[in-house]
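> Would you be able to build a 3D model of this:
(3 chains)
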Amino acid sequence: MTALTKPQPDGAADPSSEHAPGASLHSPVIDWFDEHARDLPWRRPEAGAWGVMVSEFMLQQTPVNRVLPVYEQWLARWPRPADLAAEAPGEAVRAWGRLGYPRRALRLHGAAAAITERHGGDVPADHAQLLALPGIGEYTAAAVASFAYGQRHAVLDTNVRRVFARAVTGVQYPPNATTAAERRLARALLPEDERTAARWAAASMELGALVCTAKNESCHRCPIASQCAWRLADKPAHDGPPRRGQTYAGTDRQVRGRLLAVLREAHSPVPQAALDRVWQEPVQRARALDGLVADGLVEPLPGGLYRLPMT
DNA sequence: CACACGTGGGC
DNA sequence: TGCCCAAGTGT
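Numbers count the residues shown, from 1 in each chain, chains lettered A, B, ... in the order given. All right, here's what the predicted structure looks like:
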């Protein structure tokens, strides 16, 4: 049984909640969104589905403020999927700059190529077709279908998960990995009406991004503070297993980052010696470079030269 | 399912 | 000063 099917106190439930669980959350959150939503370029009508899709790739684990300038350059240079598909993948990696996780750039390029081949150059509206594209998982498929095409999907990102964890489940943080219970809850909370569902998806996400933040949440600005289970329980601290921190210093990831930074800046093939300078320890350095080549982020050339992938 | 995968800003 | 966090995906 989910929290939603828990027996309600007699007469306590809103009459409409029987058919629309969570209905009492929809209006306050959507009204709040109407007033406080940020004016982000990918939310404007002219962004189109491609703009939405590009933004979703870039926003996977990267903050809005850092995405903004790269997004603008990207859309100006490659206004349609076919424009990106016509470029070398290395150009996508270069234009990705310092957004991090450059495999996303490669996958976005691959997705553009697949869209050009399989979908006539138009970002598909079908969830399953979106999911089949490289770099698009459960979240991004739902986000593009919902934000770009107004469809009714549970869009479950880290913001929404946190909002639901607090407002509905009454805990400070969601589980480390998305659970079946969370998906079930998200589906149950989805407004029936397609238009409203899409609005709800964007609104609940924005609430998590701006108000119901991971740290220093602003309950005084929250439109559903009076209904929030976590707040009503006096905001108990997270218990469960500690949320795994991400290590970085000294890892292969750091080495990869340095190697790729050199190649992004270079506009002709780079000799091995130039790459050797970014990291002292030779075994780890070689492993990192091999990894980049295996991932298709770096192309080795005869004579110990390297460059971003041209094919 | 746990882990790898970049980067930079906030406290 | 570090630790935590940021619109996840693929293996």
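> How about the residue most central in space within chain A: what's its closest non-neighbour residue?
Chain A has A:Gln60 as the residue nearest its centroid, 3.2 Å off, counting by Cα atoms, centre = their mean. Excluding its sequence neighbours, the residue lying closest to A:Gln60 (Cβ to Cβ, 6 or more residues apart in numbering) is A:Arg104, at 6.0 Å. The way it works is simple: take the backbone N, C-alpha and C, and place the C-beta from them, glycine included.
> how far away is the one you found from A:Arg243?
Here the distance between A:Arg104 and A:Arg243 works out to 23 Å (Cβ to Cβ, to the nearest Å).
> If you count surrounding residues, which of these two has more?
Between A:Arg104 and A:Arg243, A:Arg104 has the larger neighbour count (other Cβ atoms under 10 Å), namely 21 against 11.
> Okay, and the more buried one sits in which element?
helix A:103-118 (DSSP states H and E).
> re the thing from before, wait, isn't the residue nearest to the centre of chain A in contact with A:Pro102?
No. Contact criterion Cβ atoms under 8 Å: A:Gln60 and A:Pro102 do not qualify, at 11.9 Å.
> Packing partners of the helix holding A:Arg104?
Counting contacts by 3 or more Cβ pairs under 8 Å, 6 or more residues apart in numbering; DSSP states H and E, helix A:103-118 is packed against helix A:48-59, helix A:81-85, helix A:89-96.
> circling back to that earlier point, can you name the residues that contact the residue nearest to the centre of chain A?
A:Tyr101, A:Arg104, A:Thr140 (Cβ atoms under 8 Å, 6 or more residues apart in numbering).
> Tabulate the residues you listed (a markdown table), appending pLDDT and distance to A:Tyr306.
Formatted as a markdown table, those follow (pLDDT from 0 to 100; distance: Cβ to Cβ, whole Å):
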| residue | pLDDT | distance to A:Tyr306 |
| --- | --- | --- |
| A:Tyr101 | 98 | 20 |
| A:Arg104 | 98 | 21 |
| A:Thr140 | 98 | 31 |
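> Report the entries of those that also contact DNA strand C.
By Cβ under 7 Å from any atom of the strand, the members of the contacts of A:Gln60 lying near DNA strand C are A:Tyr101, A:Thr140.
> And the residue of the stretch 201-311 of chain A that's closest to DNA strand B?
A:Gly257 (1.7 Å; Cβ to the nearest atom of the strand).
> in what helix or strand does that residue lie?
For A:Gly257, the enclosing helix or strand under DSSP H and E is helix A:252-265.
> What are the contacting residues of the helix or strand containing A:Trp200?
In this assignment (DSSP H and E), A:Trp200 forms part of helix A:194-210. The contact list for helix A:194-210 (Cβ under 8 Å, 6+ apart) reads A:26, A:29-30, A:32-33, A:36-38, A:43, A:64, A:142-143, A:146-147, A:150-155, A:157-164, A:189-191, A:222-224.
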